[in-house]
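[1] Sharing a sequence plus its predicted fold:
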Amino acid sequence: MTLERGGNGAKASTPSTLYTRQNGLAIHVVKREGKYSQEKQSNEKKIYKAVEPQPASEDVLTLPRNYSKHAHSNDYVRRVTWLEEHQRRCLHE
């Protein structure tokens, strides 16, 4: 048995999710046109509403994720989520 390396069909993605706190609740935000906004969908169209007041960048928690599949077996899927190292604040106190 030999293991192939390189272009063997393995797939991976690394999306990041942003959260901040508003009125004591954690809310999902996206950075759009330089502002943090909430994303909503209406009639299959995305609508962005800027969060007011804008949170400071140190109050935004980045949650990166990594999803990957094994090149030879679709049964194996790895999902890893972690907190960015520079973030020291907790959403729930």
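    Here it is on my side, so go on.
[2] Which stretches in the chain count as helices?
    Counting by DSSP state H, the chain has no helices at all.
[3] excluding its backbone neighbours, what's nearest V80?
    N66 (4.5 Å; Cβ to Cβ, 6 or more residues apart in numbering). Quick note: C-beta positions are derived from backbone N, CA and C, even for glycine.
[4] Quick check: A50 touching S37?
    Yes - in this structure, A50 is within contact of S37 by Cβ atoms under 8 Å, at 5.0 Å.
[5] Touching, V51 and R32? I think so.
    No - look at V51 against R32 with Cβ under 8 Å: they stay out of range, at 10.5 Å.
[6] Tally up the residues packed near S16, please.
    Residues within reach of S16, counting by other Cβ atoms under 10 Å, total 10.
[7] Write down the beta-bridge partners of it, one by one.
    P64 (DSSP bridges).
[8] what about it, distance to E44?
    According to Cβ to Cβ, to the nearest Å, S16 stands 24 Å off from E44.
[9] burial of V60, as a residue count?
    For V60, the neighbour count with other Cβ under 10 Å is 19.
[10] Excluding chain neighbours, what is closest to it?
    Spatial nearest neighbour of V60, chain neighbours left out: T20 (4.9 Å); criterion: Cβ to Cβ, 6+ apart.
[11] what sits against the one you found?
    A26, I27, V29, Y36, V51, P55, D59, V60, L61 (Cβ atoms under 8 Å, 6 or more residues apart in numbering).
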